[in-house]
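> Fold the following, please.
(one chain, ligands or ions: 1)
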Amino acid sequence: MSPILEVRGLRKSFPVAGRFGFGPVPAVHAIDGVSFTVAAGENFGLVGESGCGKSTVARCIVGLIPPDAGEIRVAGATVTGSRGRKAVGLHRSVQMVFQDPFASLNPRLTIGTTLAEPLVIAGGLSRAAVRARVAELLEAVGLPAAAAAKFPHEFSGGQRQRISIARALALRPPLIVADEPVSALDVSVQAQILLLLEALRAAHNLGILFISHDLGVVRNFCRRVAVMYLGRIVEEGPVERVFQAPRHPYTVALRDSSLPPDPSARDRLARIEGEMPSAIDPPKGCHFHPRCPHRMPVCALEAPAWAADAEGGVACHLHPPAPIAPSLRGT
Ligand code: SF4
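The predicted structure is shown next:
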């Protein structure tokens, strides 16, 4: 499958506000060299604890914040730092669904106006065609055409998230970035929204970057997954492999942090010590080493190299990259 999204070596830091005095301004190192790809029509999960940098990755991809370094390509075109006309092109290629369906819709606009807005800005459609497209979008997300005349406060949380998804689809982008799209919803509504996203993915060959802290949701919804810790991807692969046979100690602990139905199994689970360190001064070497039960002296000194395989990889000194055969080395 050809990639619809390619992220290479993405870095982003935020200076700490409100600091006075001399010396360099400290910064929050939100993303520290993140790379991954999403294929056309693929649902790809990005998981990790709060503060690991996954939402910053999402905001860089959709152009809400510029990365400090690295490259983002959507549908083969470089979009890193898009401005002006290039930014309009980016909006046709990738759209975002936000976590909070209550805050992501303008309460003063009818749903019809909200859905028509991107179509009008993009231009090229008559008023009748815009109206027809709005009705088509509402139908696609399971809402009646009459919903166009209503305001956001007249809908439930699940219906508002359907409207947010319809707005994201308005310009027929090949890629959607969904940042915790179901975590603000009731469990029964979560399932409906996930089924809707899956149906839209299959019908339109949509690539979906699905960002979540909920491993159960990612396991059910995504085909592949990348696990983030303190700004770096530590493991990537097909969901079944990553959750059934994780290789990185953090992935093991993250998986085991959901309580099993059998209470007697709880003592056998891996636990994460302490809390995630500050991203202002992340630990040297492997960022996970202060909490890792398998840490070795080298872990505090050197960041582990990415050991790639056919379907992903892992960054841990327990799993070093395979040595390159002499015949494949350069001279
Ligand atoms: Fe643990 Fe070392 Fe692997 Fe980091 S590199 S996860 S500290 S074993």
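
> is it true that Ile193 lies in a strand?
No: assigned with DSSP: H, G, I helix; E, B strand; the rest coil, Ile193 falls outside any strand and is helix.

> give me the number of residues near it?
22 (other Cβ atoms under 10 Å). Glycine gets a C-beta too; all of them are placed from N, C-alpha and C.

> Please apply the same query to Pro320.
11.

> Next: the one 3 residues further on.
Counted by other Cβ under 10 Å, the residues lying close to Pro323 total 8.

> try Glu273
9.

> nearest spatial neighbour of it, skipping sequence neighbours?
Leaving out its chain neighbours, the residue that sits closest to Glu273 by Cβ to Cβ, 6 or more residues apart in numbering is Arg291, at 4.7 Å.

> you'd agree the one you found is up against Pro283?
No: between Arg291 and Pro283 no contact is recorded; they are 9.1 Å apart, counting by Cβ atoms under 8 Å.

> higher neighbour count, the two?
Arg291 (19 against 16).

> for this structure, what helix or strand is lowest in average pLDDT?
One helix or strand of the chain scores below all others by mean pLDDT, DSSP states H and E: helix 84-93, with a mean of 66.

> any idea where the strands of the protein begin and end?
Counting by DSSP state E, residue ranges of the strands within the chain are 3-15, 27-39, 43-47, 69-74, 77-78, 94-97, 175-179, 207-212, 224-229, 232-238, 306-309, 312-315.

> Gly157: what's it in contact with?
101-102, 184-186, 189 (Cβ atoms under 8 Å, 6 or more residues apart in numbering).

> Would you mind stating the distance between it and Glu6?
34 Å (Cβ to Cβ, to the nearest Å).

> Contact residues of the chain facing the ligand?
248-249, 286, 288-289, 292, 294-296, 299, 304, 316-318 (Cβ under 6 Å from any ligand atom).

> And the residues you listed, which of them are buried?
Among the residues of the chain next to the ligand, those classed as buried by 16 or more other Cβ atoms under 10 Å are 248-249, 286, 288-289, 292, 295, 299, 304, 316-317.

> Inside helices: which ones of those residues?
Pro249 (DSSP state H).

> Next, format the buried ones among the residues of the chain next to the ligand as a markdown table and append pLDDT.
Listed next are those as a markdown table, based on pLDDT from 0 to 100:
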| residue | pLDDT |
| --- | --- |
| His248 | 96 |
| Pro249 | 95 |
| Cys286 | 96 |
| Phe288 | 94 |
| His289 | 94 |
| Cys292 | 93 |
| Arg295 | 93 |
| Cys299 | 96 |
| Pro304 | 96 |
| Cys316 | 97 |
| His317 | 97 |
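
> Any regions of the stretch 201-331 of the chain where pLDDT drops low?
258-271, 324-331 (pLDDT under 70).

> Might you report the residue contacts of Ala184?
99-102, 157.

> could you give the mean pLDDT of stretch 53-69?
Mean pLDDT, stretch 53-69: 93.

> centre of the chain versus it, how much separation?
10 Å (Cα atoms, centre = their mean, to the nearest Å).

> The residue nearest in space to the middle of the chain and Gly76: what is the separation?
Centrality entry for the chain: nearest residue to the mean C-alpha point is Ile211, 3.4 Å, by Cα atoms, centre = their mean. For Ile211, the distance to Gly76 (Cβ to Cβ) stands at 23 Å.

> Please name the nearest non-neighbouring residue to Asn106.
Thr114 (6.3 Å).

> cool, Ser55 as well?
Per Cβ to Cβ, 6+ apart, closest to Ser55 is Asp179, 5.6 Å.

> what sits against that neighbour?
54-55, 58, 96-99, 211.

> with the residues you listed in mind, which one is nearest to Ala39?
Nearest to Ala39 among those: Ile211, at 17.0 Å, using Cβ to Cβ.

> is it true that that closest one touches Ala58?
Yes: applying Cβ under 8 Å, one finds Ile211 in contact with Ala58, separated by 5.5 Å.

> Could you tell me which residues touch both of these two?
Counting by Cβ under 8 Å, 6+ apart, the residues touching both Ile211 and Ala58 are 46, 177, 179.

> Select from the contacts of Gly157 every entry located in helices.
Filtering the contacts of Gly157 for helices - DSSP H - leaves Val189.

> In TSV: the contacts of Gly157, plus pLDDT.
Formatted as TSV, these follow (pLDDT from 0 to 100):
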residue	pLDDT
Pro101	80
Phe102	81
Ala184	83
Leu185	87
Asp186	87
Val189	90
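
> can you pick the most crowded of the contacts of Gly157?
Pro101 (26 neighbours).

> Without its sequence neighbours, what residue ends up closest to it?
Per Cβ to Cβ, 6+ apart, closest to Pro101 is Arg160, 3.6 Å.

> Can you give me the neighbour number for that neighbour?
Around Arg160 there are 22 residues (other Cβ under 10 Å).

> Hmm, Pro152 and it touching each other?
Yes: with contact defined as Cβ under 8 Å, Arg160 reaches Pro152; the gap is 6.0 Å.

> shared neighbours of the two, anything?
102, 105.

> So what sits opposite Val34 in the bridge?
Leu10 (DSSP bridges).
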